[in-house]
Every structure is written in C-alpha cells, then in structure tokens.
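# for reference, the sequence and a predicted model appear below.
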Amino acid sequence: MRLEAKDIEQIKLRDLEVSEVMQQLEHFKQGFQPVTLIRPALVGDGITRLSAESRDRLAGKYELEHRSYVVEKFVPASGAATRMFKLLFELLSNENLDKPLAECVLETPEAQQFVSGLEQFAFYEEWNALGSIRDLDGRTALMNLLNWNGLGYGSKPKALLAFHKEGGRSTSPLFTHARESLAYSQSRLHFTISEEHRAAIEAELAALSKQNQWHLECTFSHQKPSTDTIAVDLDNKIIRGANGELLFRPAGHGALLQNLNARKADFIFIKNIDNVCPLRSLDQHNYYKKVLGGLALEITQELHRYQGLLDKDQASIDWPQLSHFLLKNFGLTLNISEANCFSHARELLFRPIRVCAMVPNENEPGGGPFWILLNGQETLQIIESAQIDKANTQQLEIMNQSTHFNPVDMVVSRLDYQGRPYALNDFVDHSQGFIAQKSHAGNPIKALELPGLWNGAMAHWNTLFVEVPAETFNPAKTVLDLLKPSHQA
C-alpha cells in the first residue's frame, strides 16, 4: 500500500511516525498470533487468598503509611453511555411504541424487565419530569431519556448519569469515585475523558465539592491523537474520509498507557468509571482498596530493598530468599546457579508492579487471570477471550476452567527505589493487539486496537493477583445492571 505525500504530512501532524502506520497496515494483513494459555491462575497457583488477619494487617499498614507517599486514583472515563442504552435504541427501531411504555407489547424479556423496573431507576424522577411516562407514548418517553433535547442519556458520559438513589437524591459515578478518593487516594483523582465532556464533568465536580465541602485535587487528560490507529476496509485497503484524508480511530483502552505514563504518583489505584456501589456498600469497597494498597506498599518496599542491594551491596543479598520472593509473589523463576544471575535479577526486579484484585467468576463479560507462555517463560497475565485461538479446543477448555474474573481494580507502582519512573512503553507486549470489526459511514471496516491497558500493555510488569469478594465488583455495562440489588440503595 502506497502512501501519498499528503498522507505522510497528515501522519506527521498527528505526531505519528510513518513506520508506525506501515506496521499497523502490516498487522491487518498478517493478523496477531493468539496467546498460548498454559493453565488458569487459581487460588494457590497464581492467585493469593488472604486470611482475615492478613487483610486487617494490610489495611492497617496502608492507613498508617500511605501519607508518606503520593497516592492517586486513575479512572478511565472517556466513554459515552451509548452502548449502555443499546437495548433502548433497539426498542426505538423495532417496537410498536404508540402506547405508554407500560402498555406496549414488548417482544424481549430484556425490554419487559426495563419497563417493569422503571420506577427503580435513579433517573426516573428527572426523566418523568419531562413528561409523564405513564401518559406519553413510548417513543416520546424514550426520546426524552436518550436525546439531547431531553436528558441526553444516549450520548452523555457514564460519569454523569444517575446510577443510585442515596437518601432522597440521585448520585452519579463521578460522585462515588470522588467519595472513594477521600477514603483511600488522598483526595487525588485523575480522569481520562473526552474533550467534549470536560466542561460538564468539571462543572459537576465543582458543584459536588461545594455541596459536600470536599477538597479534591482533580486532573484530567485525553486520549492522545498520536495513539490513534489507521483503519482499513475488509480487503485491507486504506479508507479515506470525504475530504480524502486517511481514516484514524481511537485504539482502545491500551492507548491510555500514555496517560498513565504521565502520572507522577508513587501508587496509583486504577478502577473503571462504571464500577461503583451505593453508599451502603462503600465501607466494604474502601476496606478492600486499603488491603490492596497495603499489599502494594509491602511488596514494593521489599522489591525496592532488593533493587538497592543489587545496585550498591550485592554481597548482602540473600539469593535463595530473593528467589523465593520473586516466585511467591510474581510467579517468576530466578535461577541463582546461572552465570547471568545478576543481570537476570536486575531484569526481574526493575519493573513496574501491579497488585490486581480478582473476583470469583460470575459469568461477567471480560478477561481473567491465566498463566501464559511469553518469550518462552511462564508468566501471569490478564487475558481476554479475543486473545486466544477459539478453534483450538484445548485452549478453549483452559479458558473455561478459569475460576476468577478481572474487575479492573488494581494498585500500581511505576517508580524504582530511587523514585525514577519506568518508561511504560518498554514493558508492552506489542504482539497482543486486536483487530476489531467496526463500521464507518454505514460500511464494515477493520480497526486496530493496541494491546489492552491491563492486558498486553502490562505484559512485562511484575504481577500479583489477589482474591477479593465478588461484592466489591459492581459494574453497570447495560441499563438493566442498574436494577440489580447491588445497585439499589
């Protein structure tokens, strides 16, 4: 595929290298090799189960020591709620909605569940105030909820939606994440958002801070255009827009690695915007964040001690103890009898760390913890089903044996013992990208996604998986999730 002079100029204006784009085009032709699963990570084999005594000790350690460090919460929050309301958009296009919603003949159980639970939604009163839902025809009522001339829920960011009823008022994910930050991240929040939503999110945070007398330190970043990837048609031919320019698309949550790389904190909590609970459950959620934080502190302090010894006092290193530390916590094997023991120890020790919560699998969509083969070594990874060869029955069987699920709930440390940040791009497995089918101007296209932020983008991090209760994972991927007991205050 040849690029024209104007294409090269466009690429440079996006702060991209021409060689990067050519490599992306090659990926479309060659595809990505699936990962090789060895076995699922299980409790006692890749997943740590902490006793009640250990949990209390770690939570206490975090409360006692975290003020000695800079701690921050990192929340990917750029997505609009369009997919969350897919069911309602389908209703608008497929159903006869001439009568009020409660009287309409609805074809699917999901649609019936939505209508039967109308008054349980935290946004019901605000929605009903635009026109009685009991009296309006169903189409008008749904348009009042979804369109910008109504509540605009079909395109607003999830951060601003009413998720819960709390003491006579409705609260948003933005409210809950802010409340959480007061408990365990020193009131520091960083949101990755779309530029178009920034003004509304900043205004809501300012209003919440004034109303609740919070003193929050909130920062924002946007997904960088330089992380976008080129799109092609189903025959791998370059797609051009109406103005003749190359079509670039956002490259998935893996692009947020650049945003994370720019953060300066010692410890960073990462949690998705839609994983929030009502206030009645917040103490339990915050307790387990402190447990994760305490474990991250403990492991990082020990790892930093070994880093210092490796740099300054190698004679004092207890090599069997170091080998045990790496194996027990990260599943990494250090052969202390090898001649390259020092260099291998340096390679294993000088890496960013992530302590990841894992919840018992309850058939939620998403990735899970596995042992995979990476560069000839067994390593712990978070793997999505899209990353394996589904035609391989053995690989499917291993995936189906998984007992735990990745809720995207982790604490990371990206500084070495001298406070120097790692360059996170150095720890990516670039072979773990995705090719997804999307649409553009009504036509199917192929889009390239970078290795996921908690998948291939963190492939060469030191990884520790910890079991936490399923109750600490409370996402709202679809509007019907808000009807679950865990979202009802």
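Now that the structure is in, tell me what you want to look at. Since we're looking at a predicted model, the values are computed, not measured.
# contacts and neighbour counts: CA atoms only from here.
OK.
# now do the helix or strand of the chain with the lowest mean pLDDT: distance to the chain's middle.
Least confident helix or strand, the chain: strand 434-440 with a mean of 86, by mean pLDDT, DSSP states H and E. On the basis of CA atoms, centre = their mean, to the nearest Å, strand 434-440 sits 20 Å off its chain's mean C-alpha point.
# residues making contact with it?
Applying CA atoms under 8 Å, 6 or more residues apart in numbering, the external contacts of strand 434-440 come out as 28, 31-32, 386-387, 444-451.
# among these, who's most crowded?
Leu450 (29 neighbours; other CA atoms under 10 Å).
# now it: how far from Glu63?
Applying CA to CA, to the nearest Å, the value for Leu450 to Glu63 is 36 Å.
# ditto for Arg39
Applying CA to CA to Arg39 and Glu63 gives a distance of 36 Å.
# neighbour count winner among those two?
Using other CA under 10 Å as the criterion, Arg39 and Glu63 rank with Arg39 on top: 20 against 16.
# sheet partners, orientation included, of the helix or strand containing that one?
If you go by DSSP states H and E, Arg39 is part of strand 37-40. Here strand 37-40 has these sheet partners by DSSP bridges: strand 368-374 (antiparallel).
# neighbours of Gln223, just the number please.
Using other CA under 10 Å, Gln223 has 23 other residues around it.
# can you pull the contacts of it?
So Gln223 contacts 192-194, 250, 255-256, 259 (CA under 8 Å, 6+ apart).
# picking that back up, strand partners (parallel or antiparallel) of the least confident helix or strand of the chain?
When DSSP bridges is applied, strand 434-440 pairs with strand 443-449 (antiparallel).
# quick check: bridge partners of the nearest residue to Pro444 once chain neighbours are set aside?
Distance criterion CA to CA, 6 or more residues apart in numbering; nearest residue to Pro444, sequence neighbours excluded, is Lys438 at 5.8 Å. Lys438 has the following beta-bridge partners by DSSP bridges: Ile445.
# please determine how far Lys438 is located from Glu449.
In terms of CA to CA, Lys438 sits 11 Å off from Glu449.
# coming back round to it: tally of neighbours for the residue nearest to Pro444?
By other CA under 10 Å, 14 other residues sit near Lys438.
# could you do Ile388 as well?
What Ile388 shows, counting by other CA under 10 Å, is a neighbour count of 17.
# swap in Leu208?
Quick note: Leu208 (other CA under 10 Å) scores 17 neighbours.
# what's the residue nearest to it when sequence neighbours are not counted sitting at in phi/psi?
Leaving out its chain neighbours, the residue that sits closest to Leu208 by CA to CA, 6+ apart is Phe175, at 7.1 Å. Dihedral angles phi and psi of Phe175 (degrees, to the nearest 10) take the values phi -60, psi -50.
# which residues touch the closest residue to Arg67 other than its chain neighbours?
Of all residues not flanking Arg67 in the chain, Gln186 sits nearest, at 7.9 Å (CA to CA, 6+ apart). Applying CA under 8 Å, 6+ apart to Gln186 gives the contacts 67, 70-72.
# relative to Phe267, how far out is Gln186?
Distance from Gln186 to Phe267, counting by CA to CA: 11 Å.
# overlap in contacts of these two?
Common neighbours of Gln186 and Phe267 (criterion: CA under 8 Å, 6+ apart): 70-72.
# can you lay out the residues you listed as a markdown table showing pLDDT and secondary structure?
Output for the shared contacts of Gln186 and Phe267, formatted as a markdown table (pLDDT from 0 to 100; DSSP: H, G, I helix; E, B strand; the rest coil):
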| residue | pLDDT | secondary structure |
| --- | --- | --- |
| Val70 | 97 | coil |
| Val71 | 98 | strand |
| Glu72 | 98 | strand |
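# which among the residues you listed end up buried?
71-72 (16 or more other CA atoms under 10 Å).
# so which of the shared contacts of Gln186 and Phe267 is the closest to Gly244?
Within the shared contacts of Gln186 and Phe267, proximity to Gly244 (CA to CA) peaks at Glu72, which comes in at 42.7 Å.
# tell me who's in contact with the closest residue in space to Arg351 that isn't next to it in sequence.
Nearest non-adjacent residue to Arg351, counting by CA to CA, 6+ apart: Trp461, 5.7 Å away. Residues counted as contacts of Trp461 (CA under 8 Å, 6+ apart) are 351-354, 427.
# what pLDDT does Glu364 get?
Listed pLDDT for Glu364 reads 66.
# nearest residue to Gln113 other than its sequence neighbours?
Leu480 (7.6 Å).
# residue contacts, that neighbour?
If you count contacts by CA under 8 Å, 6+ apart, Leu480 has them with 110, 113-114.
# top of those residues by number of neighbours, please.
Phe114 (19 neighbours).
# low pLDDT regions in the stretch 151-300 of the chain?
For the stretch 151-300 of the chain, applying pLDDT under 70 flags no range at all.
# got it, and the stretch 351-489 of the chain?
In the stretch 351-489 of the chain, residues with pLDDT under 70: 363-365.
# quick one, strands of it?
For the stretch 351-489 of the chain, the strands defined by DSSP state E, counting those that start in this stretch cover 353-360, 368-374, 377-383, 404-405, 409-413, 434-440, 443-449, 462-467.
# wait, which of those is closest to Asn329?
Distance to Asn329, taken as CA to CA, is lowest for strand 462-467 among these, at 6.0 Å.
# name the helices or strands packed onto the closest one?
On a contact count with 3 or more CA pairs under 8 Å, 6 or more residues apart in numbering; DSSP states H and E, strand 462-467 meets strand 46-48, helix 319-330, strand 353-360.
# chain center to the helix or strand just after the longest one, what's the gap?
Right, the one you point to is helix 319-330. With elements assigned by DSSP H and E, the helix or strand that comes after helix 319-330 is helix 341-349. From the chain centre to the centre of helix 341-349 is a distance of 30 Å (CA atoms, centre = their mean).
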